[in-house]
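> attaching a predicted model along with its sequence, questions to come.
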Amino acid sequence: MKITDVKVHILQSQLDQPFAFSQGWVTVRSATIIEVQTDSGLVGWGEAFSQGLESPQVAASAIEHSLKPMLLGQNPTDTEVLWNKMYNQTRDFGRKGSVMAAISGVDIALWDIAGKFYDVPVSQLLGGRFRDVVQPYATGFYRLTGRNEGRRLAEEAIAHEEAGFRSMKIKLGFGVDDDVRVMGHIREAIDGRGVELMVDTNHAYGRTEALRLGRVLDEFDLRWYEEPVPPEDIDGYVELRKKLATPIAGGENEHSMYGFCDLINRRAVDIVQPDIGSCGGITGAKHVAVLAQANGVEVNPHVWGSGIAQAASLQVIAALPNTVHSLYPRQPILEYDRSSHPFRNELVDRALTLNKESMVDIPKSSGLGIEVNQNAIIKYRVN
Ligand code: CA
């Protein structure tokens, strides 16, 4: 089997209601979708991570101009070989950011083809399943006006809980005083409902403010405090981890085994959060999982894309060993984005949904376990 074409679809949709996280206003949802075709007729789908402020064209260009020429004529089931080829041949201008997202999106598509070729889910190719279901956590709590939205965010927490979410992640990073007020409103609203909370500042602060916020957050018994400082400030992560009781999480803006090696070896995080669409794909996540397990660090993937990225994340989660073994280990949880995204669900035949136990079932059909809706590709494509 040989790769005959690599197509890149840039999808975009304006939001009716823009929303903010600590780094800016999101006005459009975007995706870089990769379609790898083969001479066998099998087609694989992948998605490069495109966060709210990231132009999907950058990863698309890296695929079109750098990766595609390396891939044509190659065997798509050579996932590890092609990962190394793509990484090595982009090293001098890649390693981080959108070039790694490009490699990740292609890698996901290659695993999709491999799964379809062997007629097994990707999780089987990864060594099998530790779990068939995963508990979702609601990601939301974006701002619609800016500061002083604590009351509305408290209502949002109730809405997630009533929809079946027992775990949720609050967006902070709008100034420590505003953050503390928001947490107060939310705690009051969900008191006694048994909801588990995490927070995420998207690296809004330097060490001093991150620590000041963290000292307040220590009273909230959070599952984790995500991206407290910029990803480059590994010493800052180390310092916060020493001074705070709350577990520190990070890694959505880190890439490849080399980048994660720093974060993990320097004891910067308790929980590492590779995004399958930017850490290096399914192959990249596999590398990170081994590094983390060997160093006693918990792995909990990050995902903020369309149904394709979510499907890839589910397959990886199924195959993740628990870092520390016990009869009742803490399991990874699935980031379930509840914010506005016009084509996230329309793009696939099997969008994320909660089962009767408010868990998410991990698909067992071949490849990523989803079919892509070509009409949605045409409808939202801008290139
Ligand atoms: Ca985050």
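Perfect, I can see it now.

> can you show me the strands along the stretch 201-350 of the chain?
For the stretch 201-350 of the chain, the strands defined by DSSP state E, counting those that start in this stretch cover 225-226, 248-250, 271-272, 298-299, 333-337.

> from the contact counts, what lies against the first one?
Counting by 3 or more Cβ pairs under 8 Å, 6 or more residues apart in numbering; DSSP states H and E, the packing neighbours recorded for strand 225-226 are strand 196-200, strand 248-250. The C-beta positions use only the backbone N, C-alpha and C, and glycine is treated the same way.

> the third one now?
With contacts taken as 3+ Cβ pairs under 8 Å, 6+ apart, strand 271-272 sits against strand 248-250, helix 256-265, strand 298-299.

> quick one: residues in contact with the first one.
Strand 248-250 is contacted by residues 198, 224-228, 231, 237, 240-241, 263, 268-273, 300 when judged by Cβ atoms under 8 Å, 6 or more residues apart in numbering.

> paired strands for that strand, with orientation please.
strand 225-226 (parallel), strand 271-272 (parallel) (DSSP bridges).

> ok, residues contacting the last one?
By Cβ under 8 Å, 6+ apart, the residues outside strand 271-272 that reach it are 224, 247-251, 260, 263-264, 288, 292, 297-300.

> ok, now stretch 94-106?
Outside of stretch 94-106, the residues within contact range by Cβ under 8 Å, 6+ apart are 6, 32-34, 36, 46-50, 54, 58-60, 62-63, 66-67, 71, 82-83, 86-87, 90, 93, 255-256, 258-259, 275-281, 284.

> which one's the longest strand in this protein?
strand 3-21 (DSSP state E).

> the inter-axis angle of that one versus strand 196-200?
Interaxial angle, strand 3-21 versus strand 196-200 (axes from the mean of the first three to the mean of the last three Cα atoms, to 10 degrees): 100 degrees.

> three-state assignment of residue 147?
Here residue 147 takes the coil state, with states given by DSSP: H, G, I helix; E, B strand; the rest coil.

> before we move on, the earlier item: need the strands paired with strand 248-250 in JSON lines (columns: mean neighbour count, mean pLDDT and distance to residue 14).
Putting the strands paired with strand 248-250 into JSON lines (neighbours: other Cβ atoms under 10 Å; pLDDT from 0 to 100; distance: least, Cβ to Cβ, whole Å) gives the following:
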{"stretch": "strand 225-226", "mean neighbour count": "28", "mean pLDDT": "98", "distance to residue 14": "28"}
{"stretch": "strand 271-272", "mean neighbour count": "24", "mean pLDDT": "98", "distance to residue 14": "34"}
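
> okay if I get those as CSV plus distance to residue 172?
Shown next, in CSV, are the strands paired with strand 248-250 (distance: least, Cβ to Cβ, whole Å):
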stretch, distance to residue 172
strand 225-226, 9
strand 271-272, 17
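
> residue 382: which of those is closest?
When the strands paired with strand 248-250 are compared by Cβ to Cβ, strand 225-226 sits nearest residue 382, at 30.7 Å.

> now the strands for the stretch 51-200 of the chain?
Taking DSSP E, counting those that start in this stretch as the criterion, the stretch 51-200 of the chain contains strands spanning 133-139, 167-171, 196-200.

> and those strands as JSON lines, adding mean pLDDT and mean neighbour count?
Below are the strands of the stretch 51-200 of the chain laid out as JSON lines (pLDDT from 0 to 100; neighbours: other Cβ atoms under 10 Å):
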{"stretch": "strand 133-139", "mean pLDDT": "98", "mean neighbour count": "21"}
{"stretch": "strand 167-171", "mean pLDDT": "98", "mean neighbour count": "23"}
{"stretch": "strand 196-200", "mean pLDDT": "98", "mean neighbour count": "22"}
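
> distance to residue 327 added to those, as CSV?
Putting the strands of the stretch 51-200 of the chain into CSV (distance: least, Cβ to Cβ, whole Å) gives the following:
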stretch, distance to residue 327
strand 133-139, 18
strand 167-171, 21
strand 196-200, 20
